[in-house]
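Asks: need the 3D shape of this:
(4 chains)
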4 protein chains.
Amino acid sequence: MTITEDRPTRIETPRAGDEGCLIVSGNDSPGIVVALSAVLSELGANIVSFDQHSTDLIGGRFFLRTMFRLQDLALARPLLQTALDREIRDKLGLEWRLTESSKPKRVALFTSKTDHCLLDLLWRHSRGELNISVEMVVSNHPDLAEKVRAFGIPYFFVPVENGDKKAAEQEHLRLLNGNVDFVVLARYMQIISGEFIRDVGVPIINIHHSFLPAFIGAGPYKKARDRGVKLIGATAHYVTEDLDEGPIIEQDVVRVSHSDSTQNFVRRGADVERQVLSRAVAWHSEDRVVRDGNTTIVFAS
Amino acid sequence: MTITEDRPTRIETPRAGDEGCLIVSGNDSPGIVVALSAVLSELGANIVSFDQHSTDLIGGRFFLRTMFRLQDLALARPLLQTALDREIRDKLGLEWRLTESSKPKRVALFTSKTDHCLLDLLWRHSRGELNISVEMVVSNHPDLAEKVRAFGIPYFFVPVENGDKKAAEQEHLRLLNGNVDFVVLARYMQIISGEFIRDVGVPIINIHHSFLPAFIGAGPYKKARDRGVKLIGATAHYVTEDLDEGPIIEQDVVRVSHSDSTQNFVRRGADVERQVLSRAVAWHSEDRVVRDGNTTIVFAS
Amino acid sequence: MTITEDRPTRIETPRAGDEGCLIVSGNDSPGIVVALSAVLSELGANIVSFDQHSTDLIGGRFFLRTMFRLQDLALARPLLQTALDREIRDKLGLEWRLTESSKPKRVALFTSKTDHCLLDLLWRHSRGELNISVEMVVSNHPDLAEKVRAFGIPYFFVPVENGDKKAAEQEHLRLLNGNVDFVVLARYMQIISGEFIRDVGVPIINIHHSFLPAFIGAGPYKKARDRGVKLIGATAHYVTEDLDEGPIIEQDVVRVSHSDSTQNFVRRGADVERQVLSRAVAWHSEDRVVRDGNTTIVFAS
Amino acid sequence: MTITEDRPTRIETPRAGDEGCLIVSGNDSPGIVVALSAVLSELGANIVSFDQHSTDLIGGRFFLRTMFRLQDLALARPLLQTALDREIRDKLGLEWRLTESSKPKRVALFTSKTDHCLLDLLWRHSRGELNISVEMVVSNHPDLAEKVRAFGIPYFFVPVENGDKKAAEQEHLRLLNGNVDFVVLARYMQIISGEFIRDVGVPIINIHHSFLPAFIGAGPYKKARDRGVKLIGATAHYVTEDLDEGPIIEQDVVRVSHSDSTQNFVRRGADVERQVLSRAVAWHSEDRVVRDGNTTIVFAS
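Replies: Model (predicted):
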């Protein structure tokens, strides 16, 4: 006789309408915490979490993420912004960024033919795990249209014809313009141009199927097999103009052995890729990732 | 500029039509390997892999799994069986079991409302990762019918009405009788009776959402949260009449912290559950798992 | 041709003389962060790190750990204490605890015959990894005296004669009285009495060689082998009167297989035990662990 | 009240005097297993374990490791060798290598000033975990002499004076000549010349403090910190003339975060380095590692 209870995986509402997230960054100096907590306190906000990182004890860069609850946040927002500008920007010379948890970030997912990363994101989204709004899926192949539309999400097939990537990217920009807050390349197998990165104006997250900086570029599993490594990995990173060189958000690995073929590397790697990408997307959408030059601060337990 | 090649995840044919798998077990004695390899060699079989485990140096139990290739295996099978009976069963007193890789094991998946384990198995199956034939999905709830049928697999809704589990189990037996080689409880939230376990006559694999033997029974994530553990896990095991006490096939864990709610335990645990269950199903379907009392030998790299 | 640079592992001074650590806990209410940061700011302290945890959004318990730098902390301490009593204790009803990084916690290590946990702590300490002062090693066996004294640390052999544990514990209390801030049971194979726990008056950390709550009590590796688990673990916890039931500080696991004997479980487990215990000791000594009923808040990245 | 039993970690004798290990490798062909098991069987050997790997189903390379028990192995050895030459070498064109478990491999450990890898190997050896005989420790610094000699092992200080590496390597060869079966570079911070690798005539194992092929060469932790990776690793590999390019034996990783300094990378990495190196040394000493071009077959569960 066996088995367990009937507990539905009802996910609690991740964030209420009155919850805000504030990111502060800049040159470190004394008094930032007290100034910031005073601003929040005066408006009646209750601090839910408070994470801080300084790169050096003296003269370093300062990064802070705080979640707070404030009744009627939308109404109070102008007051809060004024206070932040005055106390944080003008007096302390810091940048700040404020988001409301009730407004999920809008995202476009780019894909080619491989579905594991894409489907995992869509499944997690449908399950309420990700505080995002998936606006569209864009692909250079028509293959996954049906699976995507089954989730109720529009699928745009934008072929790269005769290698004319420029035309395809123009079409991408038309689709994305004003509609999304970030882009996820969920195994999108086309090189993105520097122009596109600049013109799109929102962060782009890519999943690379190796433990970067090992095996940059094409065919990483084949390269890993040839080199005889004992672990393979995946890396989620922000896309920059340098191939596979952008700031790393998350990485993970899985063990392989001499008895695994390259095809097995691909299969086992797929499990790591979807885990790593889903964590990166979750953290980015919750404003847990702050860029610091070519590295990231990730405020995640 | 970024990104990588367009390499479709074409999975190589996992097993050809002429590939066989032989499991031998029983009391250890000298000469088993030579006897067995002679039988295979005389018929012209080529050994692909050969894994052996003895529980003790002297007087222990012996377990062996070998994969071999033999042209026209289906035709040669009677000859092979006769030789195995004579050399392995009669002379050495061992049990043997022979399967052909070209005949995937037939399976029924049982589920309730939670979809992560079920969908992961169906997705892996559709991707060619699992050498199984999913004959049906059986559930005590109608909720997942549409998602399952989208994979082209029949869905049978068998409610447990007024707590009449006996009637439901009779219906299960009618559906399963002769149609499946094993059953997987993919988060099926009903206790299985001892009668059913005996009558169904095929192995049943369950996924328990804890690191057994910790947190046996209902509500393991709540119990884990209350106990303040720093890792949570999942366990795939064969079902026996003793609740959550059957032979363990596979286990894994994930780190949690004080900042994770019970709901977060549920979410993070779901990722481990589906990984652990899919590995257990893969290994069982490839005859890599041999029971030894209440434990298992798992021939997997 | 191979190899690498000659970079000595010089560990940077972990904490300067002017660094303080403040732990605040109690019932959550608005305004704690602003009150606390104001106290620190007024005295000229610079906040280095700031970690907060609330058990619930409303009406929960509040836990905070902040590291700060304050010139001449020892001199400023009375002023700081007065301010904390007034603003944090009296006005907000919270408890606070202040430690100075320049004063490492004093510890006694208890051991029996097994040396892996003990030696690993002594080695890490000698390497400057742990901000502790090892005052003594106490054992019910004489075996490890020489190895311990090679580290320049006194070794007290306190036998339990004719099962007279009471006499031994009286001797322990004489040795410890006023001399240590916490006790670590580094594989000390004697049951500690409730009287001792109360009388010693400082926290006691134990390493249990299983993934609690699985395999409570004696012989956990044998039990794990018999149950056929696929992972074994270790658990560091505070000692309470209930056997192996105290608040868990840290846990970890390692993979085992059917081919591992119980002796192999013991060997592999030893690696996990020393890792887990050393992390627990490091975190406790840096005031990163706060007890919350029978669980812990661990402020560690 | 707490705690556990008094179970000394008595390690069982890893291998009796009559245990042999046979490694066979070469071009795959039918009939190898039956030929080999016949040879062993005819001499009365009892097969304890049997692991095989073929790189391809047809036309690949074949690797096999078998442990067997044979009474009076030393006496029977000439007969066994003759049979292996005839049946395995001459008829099948394969190479074979035979070792006796009762003869532990002799090793020299090379080190500089960093002690964690060296001490961990010596401690495991003293504990009976490694079937090796440590013949000497060689260092270009005198610092660790006392710690090493406390284990009863000779320490030879061979300075590299005025950068005259050639003189030092000549001295190394004099010390090693005929005395060791392999060399371990346990954080030895000197580049080894191609002449030395050829002249020493035994395998050399190195531990590199990164997850190769990432961060080849000097200062890998600094490079890893600068690149912002989220995991750091260590790699044990055989030394070849190409810097950090030799066949990988084992790798592992540990998680790091933005809050870890380079010094913390060094500390956390040290734990991984000693684990990885000790596994590689254990596997090599038990003949579990077979080189296949620039990769390795590792027969380890």
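
Asks: from here on, contacts and neighbour counts on C-alpha atoms
Replies: Fine.

Asks: for residue A:279, what are phi and psi?
Replies: phi -70, psi -40 (degrees, to the nearest 10).

Asks: ok, it - contacts?
Replies: residue A:250 (Cα atoms under 8 Å, 6 or more residues apart in numbering or on different chains).

Asks: and what of residue A:206?
Replies: Residues in contact with residue A:206 (Cα under 8 Å, 6+ apart) are A:184, A:185, A:186, A:187, A:236, A:237, A:238, A:239, A:277, B:3.

Asks: next one, pLDDT for the last one please.
Replies: Just to be clear, that refers to residue B:3. Residue B:3 carries a pLDDT score of 40 in this model.

Asks: the contacts of residue A:206: which two are farthest apart?
Replies: Using Cα to Cα, the pair of the contacts of residue A:206 lying farthest apart is A:277 and B:3, separated by 14.7 Å.

Asks: which of those two has more neighbours?
Replies: residue A:277 (30 against 23; other Cα atoms under 10 Å in any protein chain shown).

Asks: quick check: which element contains that one?
Replies: Using DSSP states H and E, residue A:277 maps to helix A:262-285.

Asks: the nearest residue to residue A:97 once chain neighbours are set aside: how many residues sit nearby?
Replies: Ranked by Cα to Cα, 6 or more residues apart in numbering or on different chains and with sequence neighbours excluded, the top spatial neighbour of residue A:97 is residue A:23, at 5.1 Å. Look at residue A:23: counted by other Cα under 10 Å, it has 20 neighbours.

Asks: and what of residue A:119?
Replies: The tally of other residues near residue A:119 (other Cα under 10 Å) stands at 18.

Asks: list the contacts of whichever strand or helix holds it.
Replies: Assigned by DSSP H and E, residue A:119 belongs to helix A:116-126. Contact with helix A:116-126 is made by A:109, A:111, A:130-132, A:148, A:151, A:186-187, A:270, A:273-274, A:277-278, as judged by Cα under 8 Å, 6+ apart.

Asks: recalculate using a threshold of 7 Å.
Replies: Residues from elsewhere that reach helix A:116-126, judged by Cα atoms under 7 Å, 6 or more residues apart in numbering or on different chains: A:130, A:186, A:187, A:270, A:273, A:274, A:278.

Asks: just for the stretch 1-150 of chain A, where's the confidence low?
Replies: By pLDDT under 70, the low-scoring segments of the stretch 1-150 of chain A are A:1-17.

Asks: helix/strand/coil for the residue in it that chain D sits nearest to?
Replies: Of all residues in the stretch 1-150 of chain A, residue A:53 sits closest to chain D, at 7.0 Å by Cα to the nearest Cα. Following DSSP: H, G, I helix; E, B strand; the rest coil, residue A:53 is assigned to strand.

Asks: in this structure it contacts residue A:63, no?
Replies: Yes. Counting by Cα atoms under 7 Å, residue A:53 does reach residue A:63; the two are 5.1 Å apart.

Asks: neighbour-wise, which of these two wins?
Replies: A direct count of neighbours by other Cα under 10 Å for residue A:53 and residue A:63 places residue A:63 higher, at 24 against 21.

Asks: torsion angles phi and psi at that one?
Replies: For residue A:63, the backbone dihedrals (degrees, to the nearest 10) come out as phi -130, psi 140.

Asks: which residue packs closest to it, ignoring adjacent ones?
Replies: residue A:25 (4.5 Å).

Asks: sorry, back to before: quick check: next helix or strand after the helix holding residue A:119?
Replies: Under the assignment DSSP H and E, the closest C-terminal helix or strand after helix A:116-126 is strand A:132-139.

Asks: residue A:253 falls within a helix, correct?
Replies: No. Counting by three-state DSSP, residue A:253 is not found in a helix; it is strand.

Asks: count of residues packed around it?
Replies: 22.

Asks: name the SS class of the closest residue to it other than its chain neighbours, please.
Replies: Ranked by Cα to Cα, 6+ apart and with sequence neighbours excluded, the top spatial neighbour of residue A:253 is residue A:233, at 3.9 Å. Applying three-state DSSP to residue A:233 yields a three-state assignment of strand.
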